[in-house]
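A.B. asks: Have a look; sequence and predicted model below, questions after that.
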Amino acid sequence: MGEIVRLQKYIAMCGIASRRAGEKLISDGEVFVNGKKVTEQGIKVEIGADKVTVSGKPIKPVQKNYYIMLNKPIGYVSTAKDQFDRPAVTDLTKDEIKARLFPVGRLDYDTEGLLLMTNDGDFAYKITHPKHNVEKTYIAVLNRGITAAALNKLRRGVTLSDGFVTSPAEVSIIDAKSGQSIVKITIHEGKNRQVRRMFESVGLKVDSLKRISISGVELGNLPVGRWRHLTSHEISKLK
Ligand code: URA
């Protein structure tokens, strides 16, 4: 269900007139809702469902589209609402952006890093649709050293516990200490907990996971918990 607003507010949201001037259009008999003239003030309409015309012309809310990146902290869910009432990524943007943003894809509760957020449904759909093979790069800290054999398996593609076969991934070692290794991995799908499960399939556990880029758009040095608008160049890269 769409948001329900007063008719004069709706007229203002469509960029037709101020609320006050909208009230005058209503009392002048210029406004029709679902084909019926409305002259009384205060009736409510549902955005996206009710059809409103002013002086015979249909009107629609002007939507400003937002495209932002957030450095998601660990301990936040990337859905707008959570059944356990845990903090949500939208809590980090809602004071400054009033539009209803939603996350583009997901990051696990215990994963940090680059999360795109938008109110543009088409944009979100394109980025998350499997057929677009959007590249996502992560830094994973593993519980022990990774062998050449494991690297090669991941590079070729592995079979996850549910039978899904991953496409070839780019994997490189960033740092290898005794007892731990830090690995950069780029994947092209977005299955649930995919990176963690890929490493599991070669006998490794991911101790921490951070996404650092999506389709060439880099998290850079954006601090954890902060967000910024994407540049037009970044938006066009993603589109
Ligand atoms: N892969 C994972 O395992 N977790 C994420 O959050 C993203 C990719």
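C.D. replies: Arrived safely, thanks for sending.
A.B. asks: So what does the residue of the chain most remote from its centre look like in phi/psi?
C.D. replies: Taking C-alpha atoms, centre = their mean, the residue of the chain most remote from its mean C-alpha position is residue 28, at 42.9 Å. Residue 28 adopts backbone torsions of phi -80, psi 0, taken as degrees, to the nearest 10.
A.B. asks: I'd like to know how far it sits from residue 73.
C.D. replies: Using C-beta to C-beta, to the nearest Å, residue 28 is found at 52 Å from residue 73. Every residue, glycine included, has its C-beta placed from N, CA and C.
A.B. asks: Extract the residue ranges of the protein that are flagged as low pLDDT.
C.D. replies: 80 (pLDDT under 70).
A.B. asks: same thing but 80
C.D. replies: 1-2, 62-63, 80-83, 177-178 (pLDDT under 80).
A.B. asks: Domain ranges for it, per the record?
C.D. replies: Recorded structural domains for the chain (assignment: automatic domain parsing) are 4-58, 67-130+217-238, 135-214.
A.B. asks: can you list the residues of the protein near the ligand?
C.D. replies: For the chain, the contact set with the ligand under C-beta under 6 Å from any ligand atom comprises 107, 108, 111, 193, 194, 195, 196, 209.
A.B. asks: Isn't the first one up against residue 211?
C.D. replies: Just to be clear, that refers to residue 107. Yes - shown here, residue 107 and residue 211 form a contact pair, counting by C-beta atoms under 8 Å, at 6.2 Å.
A.B. asks: related to what we said a few turns ago, now the residues of the chain next to the ligand: which count as buried?
C.D. replies: For those, a neighbour count by 16 or more other C-beta atoms under 10 Å gives the buried set as 107, 111, 193, 194, 195, 196, 209.
A.B. asks: Looking at these, which are in helices?
C.D. replies: Among those, the subset assigned to helices under DSSP state H consists of 194, 195, 196.
A.B. asks: What residues of stretch 204-213 count as buried?
C.D. replies: 204, 206, 209, 210, 211, 212, 213.
A.B. asks: tell me the two of the residues you listed that are most distant?
C.D. replies: 204 and 213 (22.0 Å; C-beta to C-beta).
A.B. asks: so who does residue 35 touch?
C.D. replies: Residues near residue 35 by C-beta atoms under 8 Å, 6 or more residues apart in numbering: residue 51.
A.B. asks: same thing with residue 177?
C.D. replies: Residue 177 sits next to no residue when contact means C-beta under 8 Å, 6+ apart.
A.B. asks: same thing but 10 Å
C.D. replies: Going by C-beta atoms under 10 Å, 6 or more residues apart in numbering, residue 177 touches 144, 145.
A.B. asks: mind starting the numbering at 3 from now?
C.D. replies: Sure, I'll start numbering at 3, so the last one becomes residue 179.
A.B. asks: Is it bridged to anything, and to what?
C.D. replies: Note on residue 179: beta-bridge partners residue 182, judged by DSSP bridges.
A.B. asks: mind putting the buried residues of stretch 206-215 in CSV, secondary structure included?
C.D. replies: Formatted as CSV, the buried residues of stretch 206-215 follow (DSSP: H, G, I helix; E, B strand; the rest coil):
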residue, secondary structure
206, coil
208, strand
211, strand
212, strand
213, strand
214, strand
215, strand
